[in-house]
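Trainee: Got a predicted structure here, sequence first:
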Amino acid sequence: MRFIGADLHKKSITFCAVEKDDNQIRVVQRQRILCSEAERMEAFLQKCMPCELTVEATIGYEWFAELASKLAQRVVLAHAGKLRIIAESTRKTDKIDAYVLAEFLARDMIPAAWRPTARVRQHRALVRRRGKVMSRMTSIKNTLRAILTRYNRDVASLFSAAGREYAQKVKGELLGEDAWVLDDLFEELQEQQQRLKKVDQRLVDFSRSASVQEREAREVLASMPGVGPVTIDTILAELGDWTRFRNADAVVSYAGLDPGVRESDGRRHDLKISKAGSPLLRWIMIQLAHRLKRTTSRWKRVFEQISRRAGNKKATVAVARRLLLVIFAMLRDGRAYQLTA
């Protein structure tokens, strides 16, 4: 059995194949192949069969993992964040990186990352595209308000139909280029709103082909107050297969909502949240916390209890963390949200 480490880059891949004999690692073959040379990659893997292969779970790994899965007995995705030995090495080359990956695989020391299914990858693509469109719309709105604020003409209803008419009326008070930018931004905002409608419809169509398990999960999440289609899609896409998490703490860590801790000689110092993992999942949970602390007595009470000793910001994050624990329990047990008595 040969163990192959693949150091993947945008234009090339460096391979290192090793064999393990009585706990000794021996390099048997090295090769650097361009990413455009798929036939050479397949030929290299065929020469090394039977083999296992590992590659870091960085952007663009999917096509290579798909290719390698056809020939290698096992393809392991290495967690780039946990495999810090490569990033922190003083001697870092593609050849060394590939060897370290191969050696760790041979010794069964690779910190494996979860490989999303094709459906999860497609779901994430739609959800993250929606997030980008929303982010751009927010940026446009902020810029529009900034322009009118410089002339003391900003109003709360700027983005309603009446607000657009108001902006056209006061446009004559603006300098020439500011007036042109105002029109251009309103035009771009309208385009982004159309894009948002297209993405939302695409997500609706995508949900129609969901598996039985996913449909049940959608119904379970919909039973929670404040949870709509956008929240449901974001949670399901970013969590992926929720059964892969060993416990609720692992889910919180994946969302980056877990507080850091530094302890030494009996002294403990609580740090800020780690912000590791999925930023979109963390964002949607914070938004859900904001909604529920205003609209439900249960979560308003939790928020107020924490805010008295820790402040509003930390209390909101704490509510988001507890909400994620509740959501994970709902998905794990297949139970609807339970209202307080």
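Mentor: Here it is on my side, so go on.
Trainee: quick one: T14 from T93, how far?
Mentor: 9 Å (C-beta to C-beta, to the nearest Å). (C-beta placed from N, C-alpha, C; glycine too.)
Trainee: ok, these two, which is more surrounded?
Mentor: Using other C-beta atoms under 10 Å as the criterion, T14 and T93 rank with T14 on top: 21 against 11.
Trainee: Find the nearest non-adjacent residue to R145, please.
Mentor: D154 (5.2 Å; C-beta to C-beta, 6 or more residues apart in numbering).
Trainee: quick one, helices of the stretch 51-200 of the chain?
Mentor: 62-69, 84-87, 94-106, 118-149, 161-170, 176-207 (DSSP state H, counting those that start in this stretch).
Trainee: looking at these, which is buried most?
Mentor: Comparing the helices of the stretch 51-200 of the chain by mean neighbour count (mean count of other C-beta atoms under 10 Å), helix 94-106 ranks first with a mean of 22.
Trainee: can you list contacts of that helix?
Mentor: Contact with helix 94-106 is made by 3-7, 9, 12, 14-20, 25, 27, 30, 32, 52-56, 76, 78, 83, 85-86, 89, 110, as judged by C-beta atoms under 8 Å, 6 or more residues apart in numbering.
Trainee: looking at this, R282 is in a helix?
Mentor: Yes. Membership of R282 in a helix is supported by DSSP: H, G, I helix; E, B strand; the rest coil.
Trainee: Pull up the gap between it and R84, please.
Mentor: 22 Å.
Trainee: How about K300?
Mentor: 42 Å.
Trainee: Check D249 too.
Mentor: From D249 to R84 the distance is 21 Å (C-beta to C-beta).
Trainee: what do you get for L158?
Mentor: From L158 to R84 the distance is 48 Å (C-beta to C-beta).
Trainee: Repeat that for L77.
Mentor: 16 Å.
Trainee: ditto for V204
Mentor: Noted for V204: a distance of 41 Å to R84, by C-beta to C-beta.
Trainee: what does I284 give?
Mentor: 29 Å.
Trainee: For Q29, which residues are in contact?
Mentor: Q29 sits in contact with F15, C16, A17, F44, K47, C48, where contact means C-beta under 8 Å, 6+ apart.
Trainee: Just the closest of the residues you listed to V199, please.
Mentor: Using C-beta to C-beta, F15 comes nearest to V199 of the contacts of Q29, at 38.9 Å.
Trainee: What about the closest one? Give its phi and psi, please.
Mentor: The phi/psi pair for F15 (degrees, to the nearest 10) reads phi -100, psi 150.
Trainee: Likewise for R246?
Mentor: phi -70, psi -30.
Trainee: just K20 next, same as before
Mentor: phi -110, psi 120.
Trainee: Might one say that G240 is in contact with R115?
Mentor: No. With contact defined as C-beta atoms under 8 Å, G240 does not reach R115; the gap is 9.6 Å.
Trainee: which of the two has more neighbours?
Mentor: Comparing G240 with R115 by other C-beta under 10 Å, the one with more neighbours is G240, at 20 against 16.
Trainee: now the more buried one, nearest residue through space, not along the chain?
Mentor: V120 (4.5 Å).
Trainee: Likewise for T295?
Mentor: Per C-beta to C-beta, 6+ apart, closest to T295 is G226, 6.3 Å.
Trainee: The one you found and R308: what is the separation?
Mentor: Taking C-beta to C-beta, one finds G226 at 23 Å from R308.
Trainee: residue ranges with poor pLDDT in this structure?
Mentor: The model of the chain has pLDDT under 70 over residues 86-87, 89-90, 261-266, 268-270, 340-341.
Trainee: okay, which residue is most central for it?
Mentor: By C-alpha atoms, centre = their mean, the mean C-alpha position of the chain lies nearest to S278, the distance being 3.3 Å.
Trainee: which residues touch that one?
Mentor: E238, Y254, A255, G256.
Trainee: Just the residues you listed: which are in helices?
Mentor: E238, Y254, A255 (DSSP state H).
Trainee: Tell me, how many residues neighbour the last one?
Mentor: The tally of other residues near A255 (other C-beta under 10 Å) stands at 29.
Trainee: That one is in contact with L280, isn't it?
Mentor: No. Shown here, A255 and L280 do not form a contact pair, counting by C-beta under 8 Å, at 9.5 Å.
Trainee: residue contacts, the nearest residue to V199 once chain neighbours are set aside?
Mentor: The shortest distance from V199 to any non-neighbouring residue, by C-beta to C-beta, 6+ apart, is to R130 (4.6 Å). Residues near R130 by C-beta under 8 Å, 6+ apart: L196, V199, D200, L203, V230.
Trainee: Distance of R130 relative to L292?
Mentor: With C-beta to C-beta as the criterion, R130 and L292 are 22 Å apart.
Trainee: swap in E66?
Mentor: Distance from E66 to L292, by C-beta to C-beta: 41 Å.
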